[in-house]
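Participant: Okay, here's the prediction I keep looking at, along with the sequence it came from:
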Amino acid sequence: MPARFEEYPRIAIVTGADSGIGKACAVALAEAGFDLGITWYGDPDGASRTAAEVRDAGRVCEVAELDLTRLPEAAGVVDELADRLGGIGVLVNNAGTGASVPFVETGWQQWREVLAVDLDGPFLCGQRAARRMRAAGAGGRIINITSVHEHAPRVGSAAYCAAKGGLGLLTKVMAQELAPDGITVNAVAPGEISTPMTGQEDVDPFTQDRPGVPVGRPGDAREVAAVVALLASPAAAYVTGASWPVDGGMLMMGPQANALTSHDWRRVDPA
């Protein structure tokens, strides 16, 4: 018979939480009753603002720098934060990077940096978290932030698509292997979200027109965080190995949906 697991600790670690999706995830999890460990790279002030919002929600927040180009040692931040917080119940692998360069012009160092941050990092951080969750025997949640480009290619994003596609399949293997330990593993695959990574840090997505996306606009980071919070919750105990697009329907339209310049595709002419 499958084992029953005790409630995992209400402690979450979110990588890359100094802005954008990571920040929104940290705040959403704090509002759901989790203490937080957050990591940052390049923006300590942003991390401080995230920590302040977490603490304003009445939760503990520990902060650490994480440079995923310095692997494998850098992944030790998961153990460091877990020790400071007294355990770990949820890991959100959010830290990521990208590049827009034609395949034949992508340099080896650029390729390796994207793969290190977007695939090697989640692999190593996921191992650290899973080992601690397994040893504690109470189950847990690992959530990998991928992209719609886990599923669909994009011209000029060879390294990014390779990394996110790899992370998507790694998620499924992790889910298979960790399920007996009560640890679920899922991916969340955002589309275009108004964040610093898309050059829209302070843009209201509801003011932007995206004719090629069924919802008609970019997403808000909090809309991604809401799905992450669901998957992190005890209510999602029977959900594992899945990839959850949060893309306003973009994937239904094909990978180049944003290239459409009008809403004509919505019209169905009578036969």
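Facilitator: Thanks, I have the structure now.
Participant: Next, the residue lying closest to Asp79 once chain neighbours are set aside: secondary structure please.
Facilitator: Of all residues not flanking Asp79 in the chain, Arg128 sits nearest, at 5.7 Å (CB to CB, 6 or more residues apart in numbering). Heads up, the C-betas are built off the backbone N, CA and C, glycines and all. What DSSP: H, G, I helix; E, B strand; the rest coil gives for Arg128 is helix.
Participant: close enough to count as contact, Arg128 and Val78?
Facilitator: Yes. Judged on CB atoms under 8 Å, Arg128 makes contact with Val78 at a distance of 3.9 Å.
Participant: more crowded one of the two?
Facilitator: Each of Arg128 and Val78 has its neighbours counted (other CB atoms under 10 Å); Val78 has more, 27 against 21.
Participant: Just to be sure, the more buried one is in a helix?
Facilitator: Yes. Counting by three-state DSSP, Val78 is located in a helix.
Participant: How about the contacts made by it?
Facilitator: 13, 88, 91, 125, 128-129, 132 (CB atoms under 8 Å, 6 or more residues apart in numbering).
Participant: And for Ala189?
Facilitator: Ala189 is in contact with 146-148, 150-151, 164, 168, 243-247, counting by CB under 8 Å, 6+ apart.
Participant: Which of those fall within helices?
Facilitator: Among the contacts of Ala189, the members falling in helices (DSSP state H) are 164, 168.
Participant: Cys221 and Val27 touch, don't they?
Facilitator: No Cys there; residue 221 is Ala. No. Assessed by CB under 8 Å, Ala221 is found out of contact with Val27, at 9.5 Å.
Participant: one step back: in strands only, show me the contacts of Val78.
Facilitator: 13, 91 (DSSP state E).
Participant: Closest to Gly216 out of the contacts of Val78?
Facilitator: Proximity of those to Gly216 (CB to CB) peaks at Leu91, which lies at 33.5 Å.
Participant: could you measure that closest one against His263, distance?
Facilitator: Here Leu91 is placed at a distance of 40 Å from His263 (CB to CB, to the nearest Å).
Participant: Which one of those two is surrounded by more residues?
Facilitator: Set Leu91 next to His263 and count neighbours by other CB under 10 Å: Leu91 wins out with 31 against 12.
Participant: Scan this structure for its longest strand.
Facilitator: Taking DSSP E as the criterion, the chain has its longest strand at strand 183-190.
Participant: strands paired with it, and their directions?
Facilitator: Partners of strand 183-190 in the sheet, by DSSP bridges, are strand 140-145 (parallel), strand 243-246 (parallel).
Participant: moving C-terminal of that strand, what's the next helix or strand?
Facilitator: Using DSSP states H and E, the next helix or strand after strand 183-190 towards the C-terminus is helix 221-232.
Participant: Dump that following helix to CSV, keeping only the CA atoms.
Facilitator: This file holds the C-alpha atoms of helix 221-232, laid out as CSV (Å, rounded to 0.1, in the frame of the first residue of the first chain):
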residue,chain,number,x,y,z
ALA,A,221,3.5,37.6,-12.6
ARG,A,222,0.9,37.1,-9.9
GLU,A,223,-1.1,34.9,-12.3
VAL,A,224,1.9,32.6,-12.5
ALA,A,225,2.4,32.7,-8.8
ALA,A,226,-1.3,31.6,-8.2
VAL,A,227,-0.6,28.4,-10.0
VAL,A,228,2.6,27.8,-8.1
ALA,A,229,0.8,28.4,-4.8
LEU,A,230,-1.8,25.8,-5.8
LEU,A,231,0.8,23.2,-6.7
ALA,A,232,2.7,23.9,-3.5
